[in-house]
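A.B. asks: Return atomic coordinates for the entry below.
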Amino acid sequence: MTGPRGPIVNVPNLITTVRTVVAVWLGVLAIVGDSAVLTAAAIGCYWVGDILDGLVARLLGQETRVGAVYDIVCDRVCCLVVVAALILQLPSMGVPLGIFLAQFVLVDLLLSLSFLRWPVLSPNYFHLVHPQVYRYNWSPAAKALNTGGLVVLVAAAPSPVYPVVFALTIAAMKIVSIVVVARLPLALTVPGVRTAVS
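C.D. replies: The predicted model follows:
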């Protein structure tokens, strides 16, 4: 089977599938068993798998637009279950986690899929379209901070105040990024590519 710029059935997509199934299963077990250990395992599986599928895709030359969309959707599936488990473990952090969930599953999903407007393989190449939007959303540091930062704050902060401020700040940045991206011309020239993809 083939999709845009490559096969649909490949090693990175298999890793995405496995990490999603395992992370969701661990997350469900964490919710049913009210287990902090299983919650941590689900988060770890989600994060490690998310790093691994992208790394393998680049190393094997198996990056595809279909794979990028699949990865983005699977991230949201994992996130929904993991955040539900976290809220069960840390009910006092329900507000910041709820803000993050709405931002990640709705706002960030729209922003992440916006790469499809241009002929780039994934958000990882959005620096070819808009360097600043890429820097604040998909650079390695931004990706680590945008999700990992909240989890660390939720686990370490004595009250939900700091996590709420952090979650609202990230949400505001994502909204501003959507506005910026929406104003970019579709015919934007991307180095090495002649025509834009609608």
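A.B. asks: Only C-alpha atoms from now on, for both contacts and neighbour counts.
C.D. replies: Will do.
A.B. asks: and residue 183, how many neighbours does it have?
C.D. replies: Residues lying near residue 183 (other Cα atoms under 10 Å) number 8.
A.B. asks: For it, give its distance to residue 176.
C.D. replies: 11 Å (Cα to Cα, to the nearest Å).
A.B. asks: Likewise for residue 133?
C.D. replies: 9 Å.
A.B. asks: before we move on, what about residue 31?
C.D. replies: For residue 31 relative to residue 176 (Cα to Cα), the value is 34 Å.
A.B. asks: Look at those two and report which has more neighbours.
C.D. replies: Ranked by neighbour count (other Cα under 10 Å), residue 31 and residue 176 place residue 31 first, with 21 against 13.
A.B. asks: moving C-terminal of the host helix or strand of the more buried one, what's the next helix or strand?
C.D. replies: Here residue 31, judged by DSSP states H and E, is contained in helix 11-33. Going down the chain from helix 11-33, the next helix or strand is helix 36-60, by DSSP H and E.
A.B. asks: I would like the residues contacting stretch 25-38, please.
C.D. replies: For stretch 25-38, the external contacting residues (Cα atoms under 8 Å, 6 or more residues apart in numbering) are 39, 41-42, 81-82, 84-85, 88-89.
A.B. asks: With stretch 140-150 instead?
C.D. replies: 135-137, 163, 166-167, 170.
A.B. asks: Recalculate using a threshold of 10 Å.
C.D. replies: 43, 47, 51, 79, 96-97, 100, 104, 124, 134-139, 151-152, 154, 156-157, 162-164, 166-167, 169-171 (Cα atoms under 10 Å, 6 or more residues apart in numbering).
A.B. asks: And those, which of them are buried?
C.D. replies: 43, 47, 79, 96-97, 100, 104, 124, 134-139, 151, 154, 163-164, 166-167, 170-171 (16 or more other Cα atoms under 10 Å).
A.B. asks: Residue 100 is in contact with residue 84, isn't it?
C.D. replies: No: contact criterion Cα atoms under 10 Å: residue 100 and residue 84 do not qualify, at 11.6 Å.
A.B. asks: Cool, thanks, talk later.
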